[in-house]
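J.: sequence first, predicted model second:
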Amino acid sequence: MNGFEKRAALIKDKILNTTLEMLKTLEPSNLRIADIAKAAQVSQVTIYNYFGGKEALIHEVVKNYIDSSISDFQKYMQQDGTVKEKIERMILQDKEAYHTLSPFLINQLLTEDKELAEYVQKETNEKIIPSMIKLIEDGKENGEISEKVTTQAFLVFINFYLKHYQELVEMVNQENNTDLIESMHHIFFYGICGKEE
């Protein structure tokens, strides 16, 4: 990569990062190229030259965000650690994601952008699900996951848990009850009758 290409890549990254930061507090419909350009300290023409328009820019921001999240997930799943540690990391990563791009916003963008929705589905099928299946198989092999737990049941349960985790966090914040999350984690790992050994 020559000097010009490096500068171009840095400018493009700056625009993407600025847009991501702005999406934390603004609806896409309220996002303006002029505001992004001002915050990124680039001209509006530069943004149009790199991305063609606001919709394409937002598409690229969300795609990069998803790629980064999946890459982090895969790296962590390949590290040494117990099944419990890895699941706790997944839950933490999901919680952190809510502070970057809310699930509501992502669902809205995926509904409006069919190409992006197809990309997310493809990445999930090719990267997330195989990593989860390996986690389950490894957990069964070393005795951390019961043989009674099927792969399908585990995937359905963890998907349900992660989809509703934000609601749990909001309940905790409203009721100021931090024991609730600990209790839910205990139910997740040990069931209502199980106990930590």
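T.: Yep, it's here. In this text the structure is predicted, and so the values were computed from the model without any measurement.
J.: which residue packs closest to Ala9, ignoring adjacent ones?
T.: Leaving out its chain neighbours, the residue that sits closest to Ala9 by CB to CB, 6 or more residues apart in numbering is Met1, at 7.2 Å. C-beta coordinates here come from the backbone N, C-alpha and C atoms, glycine included.
J.: for the strand or helix carrying Ile58, packing partners?
T.: Counting by DSSP states H and E, the element that carries Ile58 is helix 54-78. In this structure, helix 54-78 makes packing contacts with helix 3-23, helix 33-40, helix 44-51, helix 83-100, helix 103-112, helix 114-123, helix 129-141, judged by 3 or more CB pairs under 8 Å, 6 or more residues apart in numbering; DSSP states H and E.
J.: now the ones you listed as CSV including mean pLDDT and mean neighbour count?
T.: Shown next, in CSV, are those (pLDDT from 0 to 100; neighbours: other CB atoms under 10 Å):
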stretch, mean pLDDT, mean neighbour count
helix 3-23, 92, 15
helix 33-40, 96, 16
helix 44-51, 95, 16
helix 83-100, 76, 16
helix 103-112, 81, 15
helix 114-123, 91, 14
helix 129-141, 89, 16
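J.: count of neighbours near Tyr190?
T.: Each residue near Tyr190 was counted by other CB atoms under 10 Å, and the total is 13.
J.: measure it to Pro28 for me?
T.: In this view, Tyr190 and Pro28 are 41 Å apart by CB to CB, to the nearest Å.
J.: try Asp113
T.: Distance, Asp113 to Pro28, by CB to CB: 10 Å.
J.: same question, Val149
T.: Distance check for Val149 against Pro28: by CB to CB, it reads 40 Å.
J.: residues in contact with the closest residue to Ile129 other than its chain neighbours?
T.: Spatially, and ignoring its direct neighbours in sequence, Ile129 is nearest to Leu155 (7.1 Å; CB to CB, 6+ apart). Leu155 is in contact with 129, 132-133, 136, counting by CB atoms under 8 Å, 6 or more residues apart in numbering.
J.: residues touching stretch 23-34, excluding its own?
T.: 19, 22, 44, 47-48, 53-54, 57-58, 61, 99-101, 105, 108-109.
J.: what's the end-to-end length of that stretch?
T.: With CA to CA, to the nearest Å as the measure, the ends of stretch 23-34 fall 15 Å from one another.
J.: how about it: buried residues?
T.: 23, 28, 31, 33 (16 or more other CB atoms under 10 Å).
J.: find residues that contact each of Asp113 and Pro28.
T.: Where contact means CB under 8 Å, 6+ apart, no residue is in contact with each of Asp113 and Pro28.
J.: got a list of what the nearest residue to Asp72 once chain neighbours are set aside touches?
T.: In space, and not counting its chain neighbours, Asp72 is closest to Gln93: 6.6 Å by CB to CB, 6+ apart. Residues in contact with Gln93 (CB under 8 Å, 6+ apart) are 69, 72-73, 76.
J.: same check on Ile36?
T.: Neighbour list for Ile36: 15, 18-19, 22, 47, 57 [criterion: CB under 8 Å, 6+ apart].
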